[in-house]
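# Take this sequence and fold it.
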Amino acid sequence: MASEVLSREHPIVGFFKELFAFLNPAKEKQESEKETDFYYLDRYGDHLLRLAMSYVHNQSDAEDIVQETMIQLIRKAPEFENEEHEKAWLYRVTINLSKNRLKANGRRRFEPLPETLTEETPEDFGYLWEAVAQLPEIQRSALHFFYYEGFSTKEIAQLLEMKESTLRSHLHRGRNQLEQLLKGEAPDETNLS
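Numbering: from 1, shown residues only. So this is what the prediction gives:
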């Protein structure tokens, strides 16, 4: 499970701490909770890992993407207006890095889920994860953010940089495709994009 993966003993956490110290050697420790080395990793690490996994379907690649996201956070040191902006920035960077990883690896976007992922998923939902993995990337992302992360359509549209009406269309198409896949029917090719 992802929460076990990013425990404080996980190598990525140690790397993050060392990197933070290296890139910010003169920075004095701040009183604010947000200035601690682990704030962003503790708060968003599991979500970012699951998001990266939904794109790359590989634990090692997903961990690398989370690590790269944290590196960008340290290097760019953005100032966030609020918590939603903070979350959106981290999700957007993770999505972009995931897409870049897929391009770099030359992978197709419809890979079967690895055995280890389906083993960690309750048996009742294994078929659901496989069906979701067959959806086009945009529909998969929209469904993930809406149902799994609990984002509103407005928040998802901003995150995916599209109009809210377009996002609702992708959600609708994704639900229809998912229903067809779960019934064992061949999906309608016209709705795959």
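# Other residues contacting the helix or strand hosting Gln139?
For Gln139, the host element (DSSP states H and E) is helix 137-143. Residues from elsewhere that reach helix 137-143 (CB atoms under 8 Å, 6 or more residues apart in numbering): 54-55, 95, 109, 132-133, 135, 156, 160, 167, 170-171, 173-175, 177-178, 193. Where you see a C-beta, it was placed from the backbone N, CA and C, and this is true even at glycine.
# I'd like the mean pLDDT over that helix, please.
Averaged over helix 137-143, pLDDT sits at 88.
# got the buried residues for that helix?
Using 16 or more other CB atoms under 10 Å as the test for burial, helix 137-143 gives Glu137, Ile138, Gln139, Arg140, Ser141, Ala142, Leu143.
# what's the burial count for His85?
13 (other CB atoms under 10 Å).
# Please determine how far it is located from Gly184.
His85 is 43 Å from Gly184, where distance means CB to CB, to the nearest Å.
# Could you do Leu49 as well?
Separation of Leu49 from Gly184 (CB to CB) stands at 31 Å.
# before we move on, what about Val66?
Look at Val66 and Gly184: by CB to CB, they are 35 Å apart.
# and Leu135, helix, strand or coil?
When classified by DSSP: H, G, I helix; E, B strand; the rest coil, Leu135 comes out as coil.
# where do the helices sit along the protein?
In the chain, the helices defined using DSSP state H lie at 2-5, 11-23, 39-56, 59-76, 83-105, 115-120, 123-133, 137-143, 153-159, 164-182.
# Could you give the number of residues near the closest residue to Lys87 other than its chain neighbours?
Nearest non-adjacent residue to Lys87, counting by CB to CB, 6 or more residues apart in numbering: Tyr44, 6.9 Å away. Neighbours of Tyr44 under the rule other CB under 10 Å: 21.
# Was I right to think Tyr44 contacts Leu90?
Yes: when contacts are counted by CB atoms under 8 Å, Tyr44 is listed as touching Leu90 (5.3 Å).
# residues contacting Leu159?
By CB under 8 Å, 6+ apart, the residues touching Leu159 are Ala88, Tyr91, Arg92, Ile95, Phe145, Phe151.
# Can you lay out the residues you listed as CSV showing neighbour count and distance to Ala104?
Below are the contacts of Leu159 laid out as CSV (neighbours: other CB atoms under 10 Å; distance: CB to CB, whole Å):
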residue, neighbour count, distance to Ala104
Ala88, 16, 24
Tyr91, 23, 20
Arg92, 15, 18
Ile95, 23, 15
Phe145, 24, 24
Phe151, 20, 28
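# which one among the buried residues of helix 137-143 gets closest to Glu81?
Ser141 (23.7 Å; CB to CB).
# do you know how far that closest one is from Glu68?
As judged by CB to CB, Ser141 and Glu68 stand 19 Å apart.
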